[in-house]
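S.K.: let me see the structure of the following:
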Amino acid sequence: MAAPRRAWLVFGFSTEEAVGEPETEPGLGPRRLESGPEGIRRLWPAWSYLVVETGAGLELRSAGLRRRLRGWAEALPSETHLVLRGPAGARAWRRAAALRGELRGEPAWSRALPPEPRRPPPLPLLPGGGFAAPRPPFFAPLPAGVRARRLALGHEHALALGDAGQVHAWGGGRHGQLGHGTLESELQPRLVEALAGVPMQAVAAGGWHSASVSEAGDLYVWGWNESGQLALPSKALAEERAQDGDVGAGDTALTPRREQLAAEGTAFISIQAFPALLDLPQDLEVTEVSCGSRHTAVVTRGGELYTWGWGKWCLCSGMDTPQDQLLFAAALPLAAITCIMIYFMAVRFHSRALPRVPSRSRSYRGALTFPPWPPKAWGAITPRGPRPHRGTTLVSAGKYGQLGHGDNSSSDQPRRVEYLVAEGLQAEEVVCGPWTTYVHVLEP
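M.R.: Now for the predicted structure:
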């Protein structure tokens, strides 16, 4: 009997786009990751590159570039550094050096590790206690009372899954991503009391939202919902859909349509500070969950893939923070600056398009204020977002289609990825990158 065939498919942003090269497989459909005879066992995506584990070891991939990472067992990539863990230690290398294959010099950080247990905890956790992060200071200890078997890192927060299924959260909390019922930050791990007594089997951290799966297969979500990433009613998406419906109707139709939207009385949710039990269609049970920057994906017990949240972007690829967007504008030609002016006009009329600005902020030319980035208080747990670099390009709104629905629209409702059903593919695992969704499928 022939062994079952498996493959990794990817929806959304490509590494070719990240460096300004044409896509090898353009379009919104899935792309198949080339696996070779060894196959791909695991993968760790960043924004502009990907690390995969094959039967021959780790391999770094970016826009056609491939580098073997010999002697290493796991990876934790970001747009500034790549953390690698081996049998005797962990090291961090600058992203540029990793892409060039120059890993023999002095690393940016290194840490010796005790002899590995039979099953070492997966990164970011490290044997002997503590965890790694893909940016300075690269390591942080865990308090003695927190025993974690899994750890998930968001842009400003961290989630730890304990041995008994309990969840601890800490870091930045201004979007409710900690699940403690407030928007306050926490310097130390704190038990998510709303989940106490409900053992969890998995946790995931997105940019500013969180998710967990109970042992019974229930899905809990909390944090920021601006792009519908919690699958809760999003006012921003409702207004976007209403505006799309007004296209071609003329300006006279805008006010009545928005008045109708307000009159419907929908209970929109921008921030969900407590974990919310999410009802999936047909009461489906969840086995896997993963979070991207602003989207979420789950695998059900029946092998179906459901996704929701942010399906598009509308400014410069490679710049995930307001400062990057503003400072990079100085180097752009007139046409590109026009795009940025449109962006700031959109922010004015759609003020919740960005995280709220805290009181302690830097001012640029006294006209616009943005929060310092990354927040210094979360240096140990905040992966740096993509930075502009040579080859960065302007992209249009709705380009990527990371939700896998054959279009580039966002959604605040769980939607099954029909492509897998039509092709007879069964989802087994899902891993979200910042703007991508990777799914491991069993082929018929």
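S.K.: for the residue nearest the centre of the chain, give me its contacts.
M.R.: Residue closest to the average C-alpha location in the chain (CA atoms, centre = their mean): G292, at 2.2 Å. G292 sits next to G206, G207, G309, W310, Q402, C432, G433, P434, W435, T436, T437 when contact means CB atoms under 8 Å, 6 or more residues apart in numbering. For every residue, glycine as well, the C-beta is placed using N, CA and C.
S.K.: go ahead and confirm the last one touches G404.
M.R.: Spelled out, it's T437. Yes - between T437 and G404 there is a contact under CB atoms under 8 Å: 5.9 Å.
S.K.: overlap in contacts, the two.
M.R.: F11, G12, T307.
S.K.: need the helices for the protein, in chain order.
M.R.: For the chain, applying DSSP state H gives helices covering 15-18, 95-100, 235-246, 254-263, 322-328, 334-349, 418-422.
S.K.: tell me where the model's unsure across the protein.
M.R.: Filtered on pLDDT under 70, the chain yields the residue ranges 1-2, 16-28, 245-265, 312-399.
S.K.: one more pass at 50, please.
M.R.: For the chain, the stretches with pLDDT under 50 are 247-255, 257, 263, 313-399.
S.K.: R42: neighbouring residues, count only.
M.R.: Using other CB atoms under 10 Å, R42 is surrounded by 16 other residues.
S.K.: most widely separated two among the contacts of G292?
M.R.: G207 and T437 (14.4 Å; CB to CB).
S.K.: quick one, which of these two is more surrounded?
M.R.: Applying other CB under 10 Å to G207 and T437 shows that T437 carries more neighbours, namely 28 against 25.
S.K.: ok, and the closest non-adjacent residue to G172?
M.R.: Spatial nearest neighbour of G172, excluding adjacent residues (CB to CB, 6 or more residues apart in numbering): E156 at 3.1 Å.
S.K.: verify the contact between the one you found and G176 for me.
M.R.: No - E156 is beyond contact range of G176, at 11.8 Å (criterion: CB under 8 Å).
S.K.: return the set of buried residues in stretch 283-302.
M.R.: For stretch 283-302, a neighbour-count test (16 or more other CB atoms under 10 Å) marks 284, 286-300 as buried.
S.K.: restricting to C-alpha, output that stretch in PDB.
M.R.: Taking Å, rounded to 0.1, in the frame of the first residue of the first chain, the C-alpha atoms of stretch 283-302 are listed here in PDB:
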ATOM      1  CA  ASP A 283     -20.600  23.400  16.100                       C
ATOM      2  CA  LEU A 284     -17.300  22.200  14.600                       C
ATOM      3  CA  GLU A 285     -14.500  21.100  16.900                       C
ATOM      4  CA  VAL A 286     -11.100  22.700  16.500                       C
ATOM      5  CA  THR A 287      -7.700  20.900  16.600                       C
ATOM      6  CA  GLU A 288      -5.300  23.600  15.400                       C
ATOM      7  CA  VAL A 289      -5.200  27.400  15.600                       C
ATOM      8  CA  SER A 290      -2.700  29.900  14.200                       C
ATOM      9  CA  CYS A 291      -2.800  33.700  14.100                       C
ATOM     10  CA  GLY A 292      -1.200  36.000  11.600                       C
ATOM     11  CA  SER A 293      -0.700  39.800  12.000                       C
ATOM     12  CA  ARG A 294      -4.500  40.400  11.700                       C
ATOM     13  CA  HIS A 295      -6.000  37.100  10.600                       C
ATOM     14  CA  THR A 296      -6.800  33.700  12.100                       C
ATOM     15  CA  ALA A 297      -6.900  30.200  10.800                       C
ATOM     16  CA  VAL A 298      -8.100  26.900  12.400                       C
ATOM     17  CA  VAL A 299      -8.200  23.300  11.400                       C
ATOM     18  CA  THR A 300     -11.300  21.200  12.400                       C
ATOM     19  CA  ARG A 301     -11.400  17.600  13.500                       C
ATOM     20  CA  GLY A 302     -12.800  16.800  10.100                       C
END
